[in-house]
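Q: for reference, the sequence and a predicted model appear below.
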Amino acid sequence: MVTAVVLINVERARVNDVAQVLVDLDGVTEVFSVAGRWDLVAILRVPSNEAMADLVTGAIQAVPGITTTETLLAFKTFSHHDLERLFSIGFDE
């Protein structure tokens, strides 16, 4: 599983609309409206680097209202939750 955090700025007054479009994209697991330098933070989880590239440079880039993004690709996950297990429910390994 490949995970990324995308920091997003949007056109004024379009935060909710853009967030809803983003959360409906395959591979976007959460979108947070946040205070500070960025308007939204999206969490992406996809099976491969190629799928991540398609999601970030294709689908997200095509969302109207986004003005700036910064993508942080995760190397390791440190968590109290077993995220791989949570996201593989229903799949046999």
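A: Cool, got the structure. Only a predicted model underlies this, so the values are computations on that prediction, with no experimental measurement involved.
Q: distance from the chain centre to stretch 42-52, please.
A: 8 Å (Cα atoms, centre = their mean, to the nearest Å).
Q: what's around residue 13, how many residues?
A: The number of residues packed near residue 13 is 8, by other Cβ atoms under 10 Å. Just so you know, the C-beta spots here come from the backbone N, C-alpha and C atoms, and that holds for glycine as well.
Q: now do the SS call for it.
A: Taking DSSP: H, G, I helix; E, B strand; the rest coil as the rule, one finds residue 13 in the coil state.
Q: quick check: it vs residue 26, distance?
A: 27 Å (Cβ to Cβ, to the nearest Å).
Q: the strands in the protein, which residues?
A: With DSSP state E as the definition, the chain shows strands at residue ranges 2-10, 28-33, 40-46, 66-73.
Q: where does the chain have its least confident helix or strand?
A: Here the helix or strand of the chain ranked lowest by mean pLDDT, DSSP states H and E is helix 83-87, holding a mean of 60.
Q: low-confidence ranges, the protein, go.
A: 81-93 (pLDDT under 70).
Q: recalculate using a threshold of 50.
A: Where the chain drops to pLDDT under 50, the residues are 93.
Q: wait, residue 52 touches residue 4, no?
A: Yes: under the criterion of Cβ atoms under 8 Å, residue 52 makes contact with residue 4 at 5.9 Å.
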